[in-house]
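Colleague: curious how this folds, go ahead:
(2 chains)
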Amino acid sequence: MRLPSWIAQHLAALRALLVLTAITGLAYPLALAAVARVPGLAHHADGSAVTANGITVGSARIGQSFTDSDGNALPQYLQSRPSAAGAGYDPTATAASNLGPEDVVDVVDVVDVVDSLPDPTDPTDPADPAGQTDPASGRRSLLTQVCARSLSIGKTEGVDGRRPYCTGSGVGAVLGVFHREGPTGPVTRVVSLNEPCPTAPFLATHGGVRVECARPGQDYARAVVVPVRGNAPGQPVVPADAVTAGASGLDPHISPAYSRIQAPRVAGARGIDVAVVLKIVEEHTAGRALGFLGEPTVDVLAVNLDLDRHHPVRD
Amino acid sequence: MSDSVAGAAFVVSLVTALAVAYRPLGDYLHAVVTSPRHGRVERAVYRVVGVDPEGEQPWGVYARSVLAFSAVSVLFLYAFLRVQDRLWLSLGLPRVDADGAWNTAVSFTTNTNWQWYSGESTMGHLVQMAGLAVQNFVSAAVGIAVAVALARGLARSRTDLLGNFWVDLVRIVLRVLLPISVVAAIVLIAGGAVQNLSGGFDAHTLVGATQHVTGGPVAGQEAIKDLGTNGGGFYNANSAHPFENPTAWTNWIEIFLLLLIPVALPRTFGRIVGDDRQGYAIVAAMGALALGSIVTLNVVQGMHPGTVPQSVGAATEGTETRFGVFGSATFAAATTLTSTGSVNSFHDSYTAPGGGVTLLNMMLGEVAPGGVGSGLYGMLVLAIVTVFVAGLMVGRTPEYLGKKIGAREIKLASLYFLTTPTLVLVGTATAMALAVGRGAMLNTGAHGLSEVLYAFTSASNNNGSAFAGLSVSGTWYNTALGLVMLLGRFLPMILVLGLAGSLAAQQPVPVSAGTLPTHRPLFVIMLVGVTVILVALTFLPALALGPLAEGVR
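Modeller: Have a look, this model is predicted:
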């Protein structure tokens, strides 16, 4: 019996797919896995495990966090970049932040139900936003994350943590400006969008109008968003890679500049000379591949392993 | 060496390497698709499949073979994903939900490799290597086969035969994609990419925490993912993951791989039509558009306009230290220009004009140089539109390579170019009109619209990269984007094969004083102009609401 031609054609297609699956889906990867067993490749192919004192402490390719269980940076270690992979450097949840370049306004969730919100136009309504909001439950904008990291690193490392478009308290310096005719006309009202009441705004007045703090839960969508540059130096002391998350969330490297500002703190925590730390960092700094590919990098895990091996922290 | 000099040297070295590979690889591809001899393994494959390798097919049969193979691929992959929990090497992962399996089956069969899921927490090793990676090979081969069929249609006359799809498919996989992938995979392993079948290992970090380091047959999949302009990452972080793209030099190799075949195919086309200069003209138009885009993206990312990049002092959000801003920008340009869609940095966090360039690259219709095969046939259809426009301007009869461009040809070419913009714009408009579509945006305002526009542009052009902030794992996006990918791949293919059939049937017209030479710089400039104008007129209004609105604030 002859099958109708359209069925025969699909059966031929299925056979073709199965044959090609056997070749490219099984023979190819298995042959590669076999080739990858040869000495010199096997270590890479298995994930470049790093051992210290007989314990597997990580992979040479994968970054890790050097923080305590609460997420606080441990002073004796060189710190990695911020990471968006899970709770940080989680290889089972690799990710970037995916936040855009104009993500500058924080969202502060109000814990109480909407009905109990204070009416800001009604002065008799008891307003205690500070008690009703939990900043951790909102979403911090990318700008505020950058500002907060910069400020915190500046404090930890004893350097200037200021950045353009950041307030002195480490949030994005962003005003919501209301005009009489929507986006144009005289300024009627100005709100510092990332500073929830009762914080005092970073700027007293803008365009001759007093700047208010932001009342959580209020809709400022009609305001024109105006980031304020401020007077921070154009080349911040805290390097770019220190305040931004990588692409994979597993970035094993930091820039030489970020390692340099960390060296004094690491040296202090271990009671050794800064020059000793800088020398170890130097040993694990790679220039551009072939002189022009990529960027110079410092291998964070390798530096910290060497520090622990040669200059352990004394309790 | 300063950052920008190193960035420029990176681009120059890539262009040089591609120029060197152009002739040998193009000639080799030509030999593969024209050789009368069959290898021993190939004969065995034809016997199993039950096809006669000597029998050529008219365009209708060729198209039905493409569709039958792709339909079977979608169904097979769908079933595979639905039962992965019962198979080996599933790592204990559950079966994939119906809408997700549909989306992924379509996505990999159409060479899009859009990913709504995180590879490391959704796909077991067997599904990755015997399901997804297989489609990386065969969907790439299908694209090349269709491009070759169009070239044959232009080269042949008074015939209805365009070649044999099964022969083209098998030869391209076995003689081109497989050997290059093997070499590339071993090089990647040497650079630090992993290739194993384990579930990974637990590391006890210096601070006393446990870190689970993942395993997998990654290097082999990475090689064909780039070579076949597929783009589906083994891991969620795609080519940013240190196990997929461990060093700055593997980054160079991956960019080279994803441009390699699309750039060399015009040479193959020139050889098939018997005039190398025609190949040079096509590759010159592709190269002009591509270089313009790569340079622009590098410059704007280097200048880092925008509030957050200005505050940071560099566009480093979502980029890896080892690649740097320029090694990321060049990858981003190459991946969106080639319909690959793998990423080594996250485009959602790019500067507004930078994100706009990646969008524009895809909106060009993936022709500069485009995906493997689809870039060449897209550019050839544009060449046909160009001779038509030129003919209208000076009153010449439009012809291309001795073939008259009549009403039938121009109708097919126009339909080809209306397909993707229709899918992009109708898709985006529908998503924005529905609460479920808007609710998936991570960013608000203009950037949120860019996320949705990017998703539909990426899906209908079979690119697969994403402004990854958009939560696309819901049923609505999975279904809608799956549909868009399917139509965006196969409607143009059918039109191209119809065009090839109609051209092959013609009797060639002799070259006369009225013939527009299609190998001169003038034609290249016109071709570039037509490509840009077609895009600008179609997409400018949508771009104005997204990246342009965001960038001018």
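
Colleague: report pLDDT for the closest residue to residue B:304 other than its chain neighbours.
Modeller: Among residues not flanking residue B:304 along the chain, residue B:315 sits closest, at 4.2 Å (CB to CB, 6 or more residues apart in numbering or on different chains). Yep, even glycine has a C-beta here, placed from its N, CA and C like the rest. Note on residue B:315: pLDDT of 97.

Colleague: swap in the one 3 residues further on?
Modeller: Looking at residue B:318, its pLDDT is 97.

Colleague: can you check the one 10 residues further on too?
Modeller: Turning to residue B:328, the model gives it a pLDDT of 97.

Colleague: got it, and residue B:377?
Modeller: Confidence score, pLDDT, at residue B:377: 97.

Colleague: for residue A:210, helix, strand, or coil?
Modeller: Classification of residue A:210 by DSSP: H, G, I helix; E, B strand; the rest coil places it in strand.

Colleague: my guess is it contacts residue A:192, does it?
Modeller: No: Residue A:210 lies out of contact with residue A:192 (CB atoms under 8 Å); the separation is 10.8 Å.

Colleague: and those two? which has more neighbours close in?
Modeller: residue A:192 (25 against 11; other CB atoms under 10 Å in any protein chain shown).

Colleague: now residue B:299: how far from residue B:321?
Modeller: 21 Å (CB to CB, to the nearest Å).

Colleague: tell me the contacts of the nearest residue to residue B:129 once chain neighbours are set aside?
Modeller: Nearest non-adjacent residue to residue B:129, counting by CB to CB, 6+ apart: residue A:29, 4.3 Å away. Residues near residue A:29 by CB atoms under 8 Å, 6 or more residues apart in numbering or on different chains: B:129, B:130, B:133, B:195, B:217, B:220, B:221.

Colleague: average pLDDT across the helix or strand in which residue A:146 is found?
Modeller: Following DSSP states H and E, one finds residue A:146 within helix A:142-157. In this model, helix A:142-157 carries a mean pLDDT of 97.

Colleague: buried sites along it?
Modeller: Across helix A:142-157, burial judged by 16 or more other CB atoms under 10 Å in any protein chain shown covers A:142-151, A:153-154, A:156-157.

Colleague: tell me, how many residues neighbour the residue of chain A found nearest chain B?
Modeller: Per CB to the nearest CB, residue A:294 is where chain A lies closest to chain B, at 2.4 Å. Other residues near residue A:294 come to 28 when the count uses other CB under 10 Å.

Colleague: so it is in contact with residue B:319, correct?
Modeller: No: in this structure, residue A:294 is not within contact of residue B:319 by CB under 8 Å, at 10.9 Å.

Colleague: longest single strand anywhere in chain A?
Modeller: Ranked by residue count under DSSP state E, the longest strand found in chain A is strand A:184-196.

Colleague: what about stretch A:19-29, how long is it end to end?
Modeller: 15 Å (CA to CA, to the nearest Å).

Colleague: whoops, stretch B:358-375 was the one
Modeller: 16 Å.

Colleague: also stretch B:365-374?
Modeller: End-to-end distance for stretch B:365-374, by CA to CA: 9 Å.

Colleague: what separates that stretch from the chain centre, distance-wise?
Modeller: From the chain centre to the centre of stretch B:365-374 is a distance of 6 Å (CA atoms, centre = their mean, to the nearest Å).

Colleague: quick one: buried residues of it?
Modeller: B:365, B:366, B:367, B:368, B:369, B:370, B:371, B:372, B:373, B:374.

Colleague: so is the fourth one in a helix, a strand, or just coil?
Modeller: Using three-state DSSP, the three-state assignment for residue B:368 comes out as coil.

Colleague: what sits against residue A:185?
Modeller: residue A:179.

Colleague: quick one: the strands in the stretch 101-250 of chain A?
Modeller: Using DSSP state E, counting those that start in this stretch, the strands of the stretch 101-250 of chain A run over A:174-181, A:184-196, A:205-206, A:209-214, A:224-227.

Colleague: need these in a markdown table (columns: mean pLDDT and distance to residue B:468).
Modeller: A markdown table is the format used below for the strands of the stretch 101-250 of chain A (pLDDT from 0 to 100; distance: least, CB to CB, whole Å):
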| stretch | mean pLDDT | distance to residue B:468 |
| --- | --- | --- |
| strand A:174-181 | 94 | 24 |
| strand A:184-196 | 93 | 25 |
| strand A:205-206 | 94 | 35 |
| strand A:209-214 | 95 | 29 |
| strand A:224-227 | 95 | 24 |
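
Colleague: residue contacts, the residue of chain A closest to chain B?
Modeller: Contacts of residue A:294 by CB under 8 Å, 6+ apart are A:288, B:6, B:247, B:248, B:249, B:251, B:322, B:323, B:324, B:327.

Colleague: how about a cut-off of 10 Å?
Modeller: Shown in contact with residue A:294 (CB atoms under 10 Å, 6 or more residues apart in numbering or on different chains): A:253, A:286-288, B:6-7, B:10, B:247-252, B:320-324, B:326-328.

Colleague: write the ChimeraX selection for whichever of the residues you listed are buried.
Modeller: Remark: buried members of those, expressed as a ChimeraX selection using 16+ other CB under 10 Å:
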select /A:253,286,288 /B:6,7,10,247,248,249,250,251,252,320,321,322,323,324,326,327,328
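
Colleague: so which of the contacts of residue A:294 belong to strands?
Modeller: Those of the contacts of residue A:294 lying in strands (DSSP E): A:253, A:286.

Colleague: do stretch B:130-141 and chain A come into contact?
Modeller: Yes: Stretch B:130-141 comes into contact with chain A (CB under 10 Å from any CB of the partner chain), by way of B:130, B:131, B:132, B:133, B:134, B:135, B:136, B:137, B:138, B:141.

Colleague: report the buried residues of that stretch.
Modeller: Going by neighbour count (16+ other CB under 10 Å), the buried part of stretch B:130-141 is B:130, B:131, B:132, B:133, B:134, B:135, B:136, B:137, B:138, B:139, B:140, B:141.

Colleague: okay, residue B:185 and residue B:133: tell me how far apart.
Modeller: 11 Å.

Colleague: any shared contact partners between these two?
Modeller: Both residue B:185 and residue B:133 are in contact with A:28, A:29, B:217, B:220, B:221, B:222, B:223, B:224, where contact means CB under 10 Å, 6+ apart.

Colleague: let's verify the second one: helix, strand, or coil?
Modeller: For residue A:29, the secondary structure call by three-state DSSP comes out as helix.

Colleague: the residue of chain B positioned farthest from its centre in helix, strand or coil?
Modeller: In chain B, counting by CA atoms, centre = their mean, residue B:208 sits farthest out from the average C-alpha position, at 43.5 Å. When the structure is reduced to helix, strand and coil (three-state DSSP), residue B:208 reads as coil.
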